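A.B. asks: I would like the atomic coordinates for the input below:
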Amino acid sequence: MTTNEKALDFLTRHGMNPESIDPDVCIYRMLAEMKSGLAGEACSMDMIPTYLSNDGELTAGMQAAVIDAGGTNFRSALVRFQSGGYTVTDMIKRHMPGTEAPCTWEEFIRFTADAIEPLMDRADVIGFCFSYAATITPERDGRVITIDKEVVVNGCEGQLIGASLIAELERRGITGKKIVILNDTVAVLLGMAAGLDKSKYAGFIGQVSGTGTNTCVSLPVSAIGKLGLEGDKGMIINLESGKYDGIRGGDFDKMLDAESHNPGQKHFEKLTAGVYLGEICHLMLGAAAEEGLLSDECAEKVRALPVFDSAVIDAWACGEGFEMLGGTEDDHSFAQTLSLALFHRSARCMCVNLLALAELIGGGREKPVCMLAEGSLVQKGRCYRPELERLLQLYGTEKRGITCELHVGSETTLPGSAAAALLNT
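C.D. replies: You can find the predicted model right below:
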């Protein structure tokens, strides 16, 4: 048995072979669950209404103040749209309140008001990208569920983000401002769509493929029923698709889940996201060492390796960076096959997600479906994106007649937040 055959046998025995995921079956299974979720029935995804629309055009001269509260950094800026693009000015980047020491909700709001107060003479609307768990209200505010990711803001639970900030601005004599709350995946969709001719496309899908995984979709009124906005606008739905549990994992997915800080949760994200792929490969190589599939030298080094990230296995998948493994060329070939398999499986899962959304939109046959993506995996990974594009061509265009256009962007949170505010206030 060749090294490649041994690796494929190992993957198959442990349920980790990408080919075990059949998009022809999984697309319709995921689509059915999406439809159930939109109908208010049982669904492992949240199918969260954002009360935001991607309809309408941004014209030159429109501008908004923006805030991006992320896991580590807090950014504020002014975004101005112009012919063919946008400019970002007055940007200030700070540490998120609550990262270096716990803070209160009132301190967080005062900090936020301090950041945007200098912009309020030039903007009447504020787009606030809030990358934490929050329930979006019909008024496009957000009620905090929790702030996590090692950020401690005491007393945040249940608070209305927009209303709190508007009240603080009014206390300072700044009145008449409007605010829209959204998350990062929705910001990717709105930010990248703002620079496109929307009439060319049957619909829009937002995708984050990086440290984490999520998707959102802009749906017509007919697809969202009672969730629709007033008038004839559609709505962007945030799926929280990292929670989807309809694709079976393998032995090492179960091991990773059991050892994670949130066992039993985020099943789809654990199959696809960059934060987990290196860890899964670490588990697989450890098992391969115990099964005698690696040389003694390589097995010894594998047992001593700390957990590594997806950048390491991206190099291995491309036939590079094997110094840390030592061993023989056969060991390197084995590790390369395992690494490629993880990226290909991740791409296969995301292909299922995206094509299920394309079917939900009902588009791609006359006009292409526009898929707007951002994140370290799709931007920097050398193996993931080519495989995803190949699969979209095969299972979308060739098998279903769905034409897909994948656009990959960078740093779209700020223009996306501005677009959210300008198109929806």
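A.B. asks: Please parse this structure into its domains.
C.D. replies: Following automatic domain parsing, one finds the domains of the chain at 1-49+196-410, 63-182.
A.B. asks: tell me the contacts of Leu119?
C.D. replies: Leu119 makes contacts with 65, 76-78, 90, as judged by Cβ atoms under 8 Å, 6 or more residues apart in numbering. Quick note: C-beta positions are derived from backbone N, CA and C, even for glycine.
A.B. asks: for Ser164, same thing?
C.D. replies: So Ser164 contacts 105, 109 (Cβ under 8 Å, 6+ apart).
A.B. asks: quick one: it from Gly158, how far?
C.D. replies: Per Cβ to Cβ, to the nearest Å, Ser164 is found 11 Å from Gly158.
A.B. asks: Show me the shaky parts of the stretch 101-250 of the chain.
C.D. replies: Applying pLDDT under 70 to the stretch 101-250 of the chain flags residues 149, 225-232.
A.B. asks: What segments of it are strands?
C.D. replies: Using DSSP state E, counting those that start in this stretch, the strands of the stretch 101-250 of the chain run over residues 103-104, 125-130, 133-136, 142-146, 153-154, 178-182, 203-209, 213-219, 235-238.
A.B. asks: ok, now the stretch 301-425 of the chain?
C.D. replies: So, for the stretch 301-425 of the chain - with DSSP E, counting those that start in this stretch - the strands run 369-374, 404-408.
A.B. asks: Output these as a markdown table; include the columns mean neighbour count and distance to Gly195.
C.D. replies: Listed next are the strands of the stretch 301-425 of the chain as a markdown table, based on neighbours: other Cβ atoms under 10 Å; distance: least, Cβ to Cβ, whole Å:
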| stretch | mean neighbour count | distance to Gly195 |
| --- | --- | --- |
| strand 369-374 | 26 | 10 |
| strand 404-408 | 18 | 9 |
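A.B. asks: Can I get the ones you listed in TSV including mean pLDDT and distance to Cys383?
C.D. replies: Output for the strands of the stretch 301-425 of the chain, formatted as TSV (pLDDT from 0 to 100; distance: least, Cβ to Cβ, whole Å):
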stretch	mean pLDDT	distance to Cys383
strand 369-374	96	15
strand 404-408	96	15
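A.B. asks: and Leu52, which of these is closest to it?
C.D. replies: strand 369-374 (14.6 Å; Cβ to Cβ).
A.B. asks: and the angle from the closest one to strand 213-219?
C.D. replies: 140 degrees (axes from the mean of the first three to the mean of the last three Cα atoms, to 10 degrees).
A.B. asks: Now restrict the contacts of Leu119 to buried residues only.
C.D. replies: 65, 76-78 (16 or more other Cβ atoms under 10 Å).
A.B. asks: Out of those, which sit inside strands?
C.D. replies: 65, 76-78 (DSSP state E).
A.B. asks: if we can go back for a sec, now tabulate the domains of the chain in JSON lines and tack on distance to Ala418.
C.D. replies: Output for the domains of the chain, formatted as JSON lines (distance: least, Cβ to Cβ, whole Å):
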{"stretch": "domain 1-49+196-410", "distance to Ala418": "14"}
{"stretch": "domain 63-182", "distance to Ala418": "4"}
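A.B. asks: With Ser417 as the reference, name the closest of the ones you listed.
C.D. replies: From the domains of the chain, taking Cβ to Cβ, the stretch that ends up closest is domain 63-182, at 3.2 Å.
A.B. asks: just how off-centre is the closest one within its chain?
C.D. replies: Its chain's C-alpha centre and that of domain 63-182 lie 20 Å apart, by Cα atoms, centre = their mean, to the nearest Å.
A.B. asks: End to end on that domain, go ahead and measure it.
C.D. replies: 17 Å (Cα to Cα, to the nearest Å).
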